[in-house]
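Asks: curious how this folds, go ahead:
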Amino acid sequence: MTIEPAYQEFGERLAQTRRHASLTQRDVAERSGISRPTIANIEKGRQRLLYHQLLDLAHAIGVDPRDLLPAPPTPSPALAHLDDLAPPAHVLDWVRRGVDRTGRQDRGEQR
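Replies: Next comes the predicted model:
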């Protein structure tokens, strides 16, 4: 079975936060109403969870639900420079000719 990285990271954060609060999986299960095997599977990244489960787990541990979520992936630094990229002049000319022809045809004009 493939473990999706986001669920694996969530599980690791959940386990770390639970241990930091000096709670066992059984403690969290009793407080959250989620079974201990389910919590074990979530911590291992083998099981997806529903939104209400996220809220129940966070409440059981005593943290904000956002503290359990993995950080969003950082975008590539190259994305900040996309506007700096200029297409070759011959490509721009080709696009302009195509738009020019299309524009005339759309208006019913002939070349």
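Asks: hey, let's count contacts and neighbours off CA atoms from now on
Replies: OK.
Asks: could you pull out the helices for this structure?
Replies: Per DSSP state H, the chain carries helices over the ranges 5-20, 25-32, 36-43, 51-61, 89-106.
Asks: please tabulate those helices in TSV, including the columns mean neighbour count.
Replies: As requested, the helices of the chain are arranged in TSV below (neighbours: other Cα atoms under 10 Å):
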stretch	mean neighbour count
helix 5-20	18
helix 25-32	17
helix 36-43	18
helix 51-61	17
helix 89-106	11
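Asks: quick check: closest non-adjacent residue to T24.
Replies: Closest residue in space to T24, ignoring its immediate chain neighbours: R18 at 7.1 Å, by Cα to Cα, 6 or more residues apart in numbering.
Asks: distance of that neighbour from P73?
Replies: 24 Å (Cα to Cα, to the nearest Å).
Asks: coming back round to it: contact partners for the residue nearest to T24?
Replies: Contact partners of R18, counting by Cα atoms under 8 Å, 6 or more residues apart in numbering, are 24-25, 28, 61.
Asks: show me where pLDDT drops low in the protein?
Replies: When residues are selected by pLDDT under 70, those of the chain lie in 1-3, 79, 82-83, 87, 102-111.
Asks: which residues sit in contact with S32?
Replies: Going by Cα under 8 Å, 6+ apart, S32 touches 56-57, 59-60.
Asks: and for Q8?
Replies: So Q8 contacts 43-46 (Cα under 8 Å, 6+ apart).
Asks: from K44, how far out is it?
Replies: In terms of Cα to Cα, Q8 sits 6 Å off from K44.
Asks: cool, R19 as well?
Replies: R19 is 14 Å from K44, by Cα to Cα.
Asks: D84 too?
Replies: 43 Å.
Asks: quick one: which of the contacts of R18 is nearest to I39?
Replies: I39 has its nearest neighbour among those in Q25, at 6.6 Å by Cα to Cα.
Asks: quick check: the closest one touching A40?
Replies: Yes - judged on Cα atoms under 8 Å, Q25 makes contact with A40 at a distance of 7.1 Å.
Asks: how far does stretch 23-39 stretch from one end to the other?
Replies: End residues of stretch 23-39 are separated by 12 Å (Cα to Cα).
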